[in-house]
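> Provided below for reference: sequence and predicted model.
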Amino acid sequence: MKTIIYILFIGIIITSCNNDNESSEMNEQTQKTKEVNEPMTLIPDVNFENALIQLNYDNTQDGKVATSSVASLTSLNISANGISDLTGIEGFKGLLKLRCSNNKLKHIDLSGNSSLEELDCSRNEILELDLSSNLMLKKIDCSRGLIESLNLQQNKLLKEIDCSNNQLADLDLTANIALEDLNCTKNNLNKLGVSENINLKKMSCGNNNISEIDISNNTALEFLNCFPNPGNWCVYWSSEIQKKVNKK
């Protein structure tokens, strides 16, 4: 009788172990299947992925990141990381603020980040910046680059623009009615039209080639720095603006 009970006991233990092993194997297989099926966003730039790892948005240097880990992020700061390729940023669908300044970027594609409201891509080597898909932008700093042209006609919500220290020859801001703060110093601008920017409060446009500027409609203007510029200045402004500026 004791022998029978002992055999039954051993059988139960073996069965239990087998079940545990099978359960463990099933869990492991399920995890692997989940990992294989989980959507991933490719991050080919090693420095970009390293920055994400440091921010705990990724844990393995494998050229990709789980889309679920980044899709809902609203703010990302990856400045000063030696990044030269921002491919993969399109997976950050929920981004409202992006800081990628002081890197080695020559190109940046933000067409997949339609919710973006603030962008700082200053201190890079960007030649051209297309923001036509970023209709929610309110603030942009693209200063200290190599930008030769900047089209902001679609960005009607912009309030702050810093495009100083670039190579801009022309800047059309007629569509940016909400603009309040503009810094376009140290470019190659020959003309600057701000007559439509009636909400403009601060403007710096020195170190350009501007010979004439009309600010007669900019009655909200509180600060103006337009020097130095070559040639004879012919600035048209209302008496109200002149009184404000002269008090500064």
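Alright, I've got the coordinates. Remember, it's a predicted structure, so these values are computed and weren't measured experimentally. Numbering: from 1, shown residues only.
> in the protein, which spans are strands?
Listed from the start of the chain, the chain has strands (DSSP state E) covering 40-42, 64-66, 75-77, 97-99, 118-120, 128-130, 139-141, 149-151, 160-162, 181-183, 202-204, 212-214, 223-225, 234-236.
> Distance of the spatially most central residue of the chain relative to Gly88?
Geometric centre of the chain, nearest residue: Leu98, 3.2 Å, by C-alpha atoms, centre = their mean. Here Leu98 is placed at a distance of 13 Å from Gly88 (C-beta to C-beta, to the nearest Å). Any C-beta I mention is one placed from the backbone N, CA and C, and that applies to glycine too.
> again with Leu105
Taking C-beta to C-beta, one finds Leu105 at 13 Å from Gly88.
> Pick out whichever of these two has more residues nearby.
Neighbours were tallied for Leu105 and for Gly88 using other C-beta atoms under 10 Å; the higher tally belongs to Gly88 (22 against 19).
> Wait, that one touches Ile43, no?
Yes: counting by C-beta atoms under 8 Å, Ile43 is a contact partner of Gly88 at 4.1 Å.
> which neighbours do those two share?
Shared contacts of Gly88 and Ile43 (C-beta atoms under 8 Å, 6 or more residues apart in numbering): Val65.
> can I get the CA coordinates of stretch 100-111 in PDB?
What follows is stretch 100-111, C-alpha atoms only, in PDB (Å, rounded to 0.1, in the frame of the first residue of the first chain):
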ATOM      1  CA  CYS A 100      17.000  68.500 -31.500                       C
ATOM      2  CA  SER A 101      19.400  71.400 -31.400                       C
ATOM      3  CA  ASN A 102      23.200  71.200 -31.500                       C
ATOM      4  CA  ASN A 103      23.500  68.000 -33.600                       C
ATOM      5  CA  LYS A 104      24.800  67.200 -37.100                       C
ATOM      6  CA  LEU A 105      21.500  67.300 -38.900                       C
ATOM      7  CA  LYS A 106      21.500  68.400 -42.600                       C
ATOM      8  CA  HIS A 107      17.900  67.300 -43.300                       C
ATOM      9  CA  ILE A 108      14.900  66.800 -41.100                       C
ATOM     10  CA  ASP A 109      11.500  65.400 -42.200                       C
ATOM     11  CA  LEU A 110       8.700  66.300 -39.800                       C
ATOM     12  CA  SER A 111       5.800  65.500 -42.200                       C
END
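> what residues go with each domain of this structure?
Per the record's domain assignment (automatic domain parsing), the chain is made up of the domains 36-147, 164-248.
> Mind telling me which of those the model trusts least?
Out of the domains of the chain, the stretch the model trusts least by mean pLDDT is domain 164-248, with a mean of 83.
> ok so, going back, could I get the domains of the chain as JSON lines with distance to Lys156?
Below are these laid out as JSON lines (distance: least, C-beta to C-beta, whole Å):
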{"stretch": "domain 36-147", "distance to Lys156": "7"}
{"stretch": "domain 164-248", "distance to Lys156": "6"}
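> which stretches of the protein form helices?
For the chain, the helices defined by DSSP state H occupy 2-37, 46-54, 67-70, 239-247.
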